[in-house]
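**Student:** any chance you could fold what I've pasted below:
(one chain, ligands or ions: 1)
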Amino acid sequence: MSWTCRGREALSARGFLFSRHNCTCATANRNCVLRRCLQYHFLFRFGVMASGTLYTYPGNFRAYKILIAAEFSGVKVKTVSEAPAFVLGQTNKTEEFLKKFPLGKVPAFETTDGRNVFESNAIAYYVGNEQLRGTSPIDQALIQQWINVADNEILPSSCTWVFPCFGIMQYNKQATDRAKDDIKRVLALLNNHLSTRTYLVGERITQADITMCCALLQLYEYVLEPAFRDQFVNTNRWFATLINQPEFKKVLGERKLCEKMAQFDEKKNEKGDKKKEEKKEKVKDDKKKKEEEDLNDVDELELAPKSKDPFEKFPKGNFDMDDFKRFYSNESEKDSIPYFWQKFDKENYSIWFCEYKYPEDLTKTYMSCNLISGMFQRLDKMRKNAFASVILFGEDNNSTISGVWVWKGHELAFPLSADWQVDYESYSWKKLDANSDETKKLVDSYFAWAGDFGGKKFVEGKIFK
Ligand SMILES: N[C@@H](CCC(=O)N[C@@H](CS)C(=O)NCC(=O)O)C(=O)O
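**Tutor:** Numbers count the residues shown, from 1 in each chain. I've put the predicted structure just below:
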């Protein structure tokens with residue numbers, strides 16, 4: 001009879017008595033029935049079965065590291081990530097959510113006994129087990145070390161390199177080149193470390209491996225083509241070992257490594273950038289001209305405070321945007337949409353329809369969602385006078401984005417400020433007739449995220465408010 005499961009040592013140190021068991025599995029065999037049984041026994045004995053609900057959005061790599069940890073520990077995690085239960089940018093901004101998770105960010109975790117944890121690493125720690133957290137202070141420190149390397153040395157560079165390829169971040173050649181060098185340096189560090197080791201810390205998979213693997217995922221999928229990654233044999237071997245573990249596969253599914261490095265489409269963006277520059281110049285010239293005119297206009301303007309809000313030049317009207325947004329957030333669409341039509345001031349506000357002009361560039365749906373959220377973030381200063389519902393339709397590699405916007409005034413709002421011009425030219429804009437039945441139907445379906453949408457499949461909606 002041989003005891004070869006490591007779990008036994010850990011548990012006997014905690015006062016467990018074992019009946020004899022003729023397990024002959026290898027030390028690190030995850031599937032050893034005894035090991036699994038002890039794991040659960042341990043959790044129940046100490047009352048620390050860390051089950052709960054994870055709020056996130058689909059495809060969030062920060063959630064992956066938590067879900068993989070839960071696969072290893074056997075902790076039950078219910079994921080809430082799909083509309084209508086969770087909609088990024090909406091659910092996480094509600095009063096109810098913010099009461100539990102004041103930063104309004106995901107992933108966020110609510111334990112079954114009502115405790116709330118935010119920050120993905122903290123959640124992964126909570127749902128993990130001893131093996132993942134490390135069993136000695138030095139292992140625990142080393143696990144933290146690699147988690148920090150993943151967060152601080154890989155993620156920022158990975159986003160700088162990959163996001164512009166998907167059009168969800170501004171491209172900057174210098175920054176991208178620096179990011180590539182930084183990634184090379186970390187891959188080399190890992191490669192060297194893994195030349196004599198199977199995993200990052202100790203002999204078994206820990207949270208260090210899980211977190212590092214998830215941080216590298218989008219690099220391995222989109223930009224680390226064979227010619228780039230071939231020099232990092234040990235890192236590649238370690239990465240392949242991990243993504244083929246059943247616990248990883250259950251969360252990540254099958255992952256295909258990059259064959260050809262995704263590229264930033266310089267031509268298309270150059271055109272866009274040039275146009276943007278011209279627009280910026282025009283806004284600057286107009287501003288300068290206006291300032292000169294103002295200087296000539298000596299009297300009362302001399303004392304008038306400078307206007308900071310580009311919408312200020314339009315009449316105030318009688319549509320209370322804040323009031324409508326509050327109503328829309330707190331009531332169901334069945335009430336808030338009629339409320340919109342009852343209060344909407346057609347004289348002083350306008351309604352617009354937009355469509356993303358480059359659907360062929362849209363790949364993963366979660367990235368397209370980030371594209372919409374990014375645009376909303378960059379338009380922050382427009383919020384006081386504008387409202388929008390923008391929807392992503394379709395599926396991975398076959399999707400479209402369109403939306404309905406409402407703002408003060410009757411002209412296209414974005415040229416009003418140099419700060420609002422990063423994204424709008426990637427969309428076509430059509431002003432709608434606020435009196436027509438067709439517009440009413442379109443607005444109703446976009447505000448409610450319900451309707452036939454010309455047969456397009458709703459994936460996710462985002463509200464600018
Ligand atoms: N350090 C945090 C970062 C969380 C984070 O930035 N989450 C983003 C999505 S990946 C978010 O919720 N953004 C929504 C917002 O900022 O409104 C973690 O690791 O959990």
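**Student:** in terms of pLDDT, where does the closest residue to residue 400 other than its chain neighbours sit?
**Tutor:** Using CB to CB, 6 or more residues apart in numbering and skipping the chain neighbours, the partner closest in space to residue 400 is residue 359 (4.6 Å). (Glycine included, C-beta is placed from N, CA and C.) Residue 359 carries a pLDDT value of 89.
**Student:** looking at it, residue 359 is touching residue 393, isn't it?
**Tutor:** No - using CB atoms under 8 Å as the test, residue 359 is too far from residue 393 to be in contact (9.4 Å).
**Student:** and the residue of the stretch 251-400 of the chain closest to the ligand?
**Tutor:** The ligand sits closest to residue 373 of the stretch 251-400 of the chain, with a gap of 7.1 Å, by CB to the nearest ligand atom.
**Student:** that residue: what's it in contact with?
**Tutor:** Taking CB atoms under 8 Å, 6 or more residues apart in numbering, we find residue 373 in contact with 88, 89, 462.
**Student:** in JSON lines: those, plus neighbour count and pLDDT.
**Tutor:** Listed next are these as JSON lines, based on neighbours: other CB atoms under 10 Å; pLDDT from 0 to 100:
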{"residue": "88", "neighbour count": "23", "pLDDT": "92"}
{"residue": "89", "neighbour count": "20", "pLDDT": "90"}
{"residue": "462", "neighbour count": "23", "pLDDT": "89"}
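**Student:** in JSON lines: those residues, plus secondary structure.
**Tutor:** Converted to JSON lines, the contacts of residue 373 look like this (DSSP: H, G, I helix; E, B strand; the rest coil):
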{"residue": "88", "secondary structure": "coil"}
{"residue": "89", "secondary structure": "coil"}
{"residue": "462", "secondary structure": "strand"}
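**Student:** determine the three-state secondary structure at residue 393.
**Tutor:** strand.
**Student:** any regions of the chain where pLDDT drops low?
**Tutor:** For the chain, the stretches flagged by pLDDT under 70 are 1-49, 266-307.
**Student:** near the ligand, which residues of it?
**Tutor:** 60, 62, 104, 105, 106, 107, 119, 120 (CB under 6 Å from any ligand atom).
**Student:** repeat the analysis, applying 5 Å as the threshold.
**Tutor:** Selection of the chain residues close to the ligand by CB under 5 Å from any ligand atom yields 62, 105, 106, 119, 120.
**Student:** what sits against the closest residue to the third one other than its chain neighbours?
**Tutor:** The shortest distance from residue 106 to any residue that is not its chain neighbour, by CB to CB, 6+ apart, is 4.7 Å, and that residue is residue 56. Contact criterion CB under 8 Å, 6+ apart gives 62, 63, 79, 80, 81, 86, 106, 107, 108 as the residues in contact with residue 56.
**Student:** any chance of those residues in TSV, with secondary structure and neighbour count too?
**Tutor:** Compiled in TSV, the contacts of residue 56 are given as follows (DSSP: H, G, I helix; E, B strand; the rest coil; neighbours: other CB atoms under 10 Å):
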residue	secondary structure	neighbour count
62	helix	21
63	helix	26
79	strand	19
80	strand	15
81	coil	21
86	coil	22
106	coil	23
107	coil	25
108	strand	24
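**Student:** how about the strands in the stretch 251-400 of the chain?
**Tutor:** 349-356, 386-395, 398-408 (DSSP state E, counting those that start in this stretch).
**Student:** got it, and the stretch 101-250 of the chain?
**Tutor:** Going by DSSP E, counting those that start in this stretch, the stretch 101-250 of the chain shows strands at 108-111, 116-118.
**Student:** okay, those strands, which one's buried deepest?
**Tutor:** strand 108-111 (a mean of 22; mean count of other CB atoms under 10 Å).
**Student:** partner strands of that one and their direction?
**Tutor:** Note on strand 108-111: by DSSP bridges, its sheet partners are strand 52-55 (antiparallel), strand 116-118 (antiparallel).
**Student:** CA atoms only: put it into PDB for me.
**Tutor:** Coordinates of each C-alpha in strand 108-111 appear next as PDB, following Å, rounded to 0.1, in the frame of the first residue of the first chain:
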ATOM      1  CA  ALA A 108     -16.500  41.200  -9.000                       C
ATOM      2  CA  PHE A 109     -17.400  38.300  -6.700                       C
ATOM      3  CA  GLU A 110     -20.300  37.900  -4.200                       C
ATOM      4  CA  THR A 111     -19.900  34.900  -1.900                       C
END
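**Student:** any chance of the strands paired with strand 108-111 in JSON lines, plus distance to residue 455?
**Tutor:** As requested, these are exported to JSON lines (distance: least, CB to CB, whole Å):
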{"stretch": "strand 52-55", "distance to residue 455": "31"}
{"stretch": "strand 116-118", "distance to residue 455": "39"}
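**Student:** how about residue 129: what's its closest non-neighbour residue?
**Tutor:** residue 73 (3.8 Å).
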